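Visitor: A predicted structure for the sequence below; I have some questions about it.
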Amino acid sequence: MLSAYLKTYGCQMNEYDSEVMAGLLKENGYGLVDNPEKADVILLNTCYVREKVKHKIYSKLGELEKLKEKNPHIILGLCGCLVQREPKETIQRAPFLDFLLGTFSFYKLSEVINNIRKNHKMVINVEENSNGLPKGLPKLRRKKFSAFVPIIRGCNNFCSYCNVPYVRGREKSRAPEDILKEIDELSSHGYKEVTLLGQNVNSYGKDLKEKIDFADILSLINQIKGIKRIRFTTSHPKDLNSKLIRSMDSLDKVCEHLHLPLQSGSDKILQQMRRGYTRSMYRDLVNETRKIVPGISLTTDIIVGFPGEEERDFQDTLNLVKEIRFDGAFTFIYSCLKGTKAAELKHQIPEEVKKERLRRLIEIQKKINQENNETLVEKEFSVLVEGVSKKNESELQGRTRHNKIVVFKGKRDLIGKFVLVKVTEGGCWALKGDRIIC
Ligand code: SAH
Ligand code: SF4
């Protein structure tokens, strides 16, 4: 049997795309292996949200080049965002690649691999198209109880620092019936949780003929039997409206967690980032959300060291972080990406300053995480068990509806099931608890 090795970089949308790639490979007769040395086809599904990930990918390609020299029969290909953004540079740096398939054409994987087997000709396909992916593509899902379901692809926002609109094209919502069919099928296969994906899920439906918005599709998904939890990511603050916040409260399966990227707490920087909201608009949204959905957990993304960010702008970010007290934050050093508007701005911030700001931000957020989590001690939560704890093989880990990770003792046959856990300790990244057997 032929075998394939597939490695994924980047966001949840890329993870989903990789599930499709894995499905296509399987359908084409390839078994997936964990070791590239045992593979006939090697595929990297790439990301290009920051420069650092590009360096990682090229360093991996350096290793794979050596492997291909030893085993010239290996077919080595790249898919995803880096390829979509920089096809020429990629080929210049890695001329030993057999194929490049962009974010719009990766579904042609099987045909491309089969042709290369026959005629050994390199394939590059990075054309954009506005039709979305074809229907009914096979998928090999990583989990058997929780699944990603894209509802909208692409982005129309062009935040000045971001590559996504260049690599994923314009917003394209999936037809509601396709989404509902996919989730119905997941439910009939025993799936209990879905995470709806989009660069900006709040834009869902704006490009469709029928009158439907994100709150409407949530309400339809909420009616699907078998599905117990609905999550979604990401929400852009400028498009978060009261209707959606109210539906987070009224729809019983929609989890009490909102990921709402702030990016910066300074009005000057937010404007330069082209985010379309101010610090006070963001604060008002948080207050409204917390009023309508009490106890909701809020997480965010923050970039430090955007061009022109002075110490006082950074202090505005720190102060807002201290005021809002997020339940978690993904924090990033600004990465200057060629071709974006922000790369043209003057006053790029020195690397040492960015690193030092990141360190201060992380220190504050860690303390907040710890304090927030300590308030949960003695409370009981329903936890969907996801797997074995990453730190301790003898323990399990799962998530509460509020997206808090809980680690507890239990047997592996609980994976994929709901259990009740009482929190005994609130750590910085996760809670510890004891299973309650009713
Ligand atoms: N669509 C989502 C974000 C997608 S990218 C949204 O608008 O919120 C995920 C995160 O990566 C962003 O929220 C941002 O914080 C970070 N990011 C994107 N481009 C970046 C860059 N050039 N430098 C540093 N961080 C970046
Ligand atoms: Fe990037 Fe902004 Fe679009 Fe998010 S909303 S994907 S940060 S351009």
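Guide: Looks like it arrived, so ask away. These numbers were taken from a predicted model, which means no experiment stands behind them. Ligands and ions are numbered 1, 2, ... in the order given.

Visitor: For the protein, which residues are neighbours of ligand 1?
Guide: For the chain, the residues in contact with ligand 1 (Cβ under 6 Å from any ligand atom) are 49-50, 161-162, 164, 199-200, 234, 236, 261, 263, 301, 303, 332, 334-335, 337. Glycine gets a C-beta too; all of them are placed from N, C-alpha and C.

Visitor: Return the subset of the residues you listed lying in strands.
Guide: 301, 303, 332 (DSSP state E).

Visitor: Return the member of these nearest to Leu396.
Guide: Asp301 (28.4 Å; Cβ to Cβ).

Visitor: What would stretch 137-152 look like as PDB? C-alpha coordinates only.
Guide: What follows is stretch 137-152 as a C-alpha-only set of coordinates in PDB (Å, rounded to 0.1, in the frame of the first residue of the first chain):
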ATOM      1  CA  LEU A 137     -15.200  16.200  -0.800                       C
ATOM      2  CA  PRO A 138     -14.100  13.300   1.400                       C
ATOM      3  CA  LYS A 139     -12.700  14.000   4.900                       C
ATOM      4  CA  LEU A 140     -10.600  12.100   7.300                       C
ATOM      5  CA  ARG A 141     -11.500  13.700  10.600                       C
ATOM      6  CA  ARG A 142      -8.900  13.700  13.400                       C
ATOM      7  CA  LYS A 143     -11.500  13.500  16.200                       C
ATOM      8  CA  LYS A 144     -14.500  11.300  16.400                       C
ATOM      9  CA  PHE A 145     -16.700  13.500  18.700                       C
ATOM     10  CA  SER A 146     -15.800  17.100  17.900                       C
ATOM     11  CA  ALA A 147     -15.500  18.600  14.400                       C
ATOM     12  CA  PHE A 148     -14.600  21.800  12.600                       C
ATOM     13  CA  VAL A 149     -17.100  23.000  10.100                       C
ATOM     14  CA  PRO A 150     -16.200  26.000   7.900                       C
ATOM     15  CA  ILE A 151     -19.200  28.300   7.200                       C
ATOM     16  CA  ILE A 152     -17.400  31.200   5.500                       C
END
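
Visitor: Please renumber the chain so that the first residue is 25 from this point on.
Guide: Sure, I'll start counting at 25 from here, so that last one is stretch 161-176.

Visitor: Buried residues in it, which are they?
Guide: 161-165, 169-176 (16 or more other Cβ atoms under 10 Å).

Visitor: Next: stretch 293-305.
Guide: 293-294, 296-297, 299, 301, 303, 305.

Visitor: now those residues as TSV including distance to ligand 2 and pLDDT?
Guide: Below are the buried residues of stretch 293-305 laid out as TSV (distance: Cβ to the nearest ligand atom, whole Å; pLDDT from 0 to 100):
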residue	distance to ligand 2	pLDDT
Ile293	14	98
Leu294	12	98
Gln296	13	98
Met297	8	98
Arg299	7	98
Tyr301	11	98
Arg303	17	98
Met305	15	98
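
Visitor: quick one: which two of those are the most distant?
Guide: Maximum pairwise distance among the buried residues of stretch 293-305 (Cβ to Cβ): 16.2 Å, between Gln296 and Met305.
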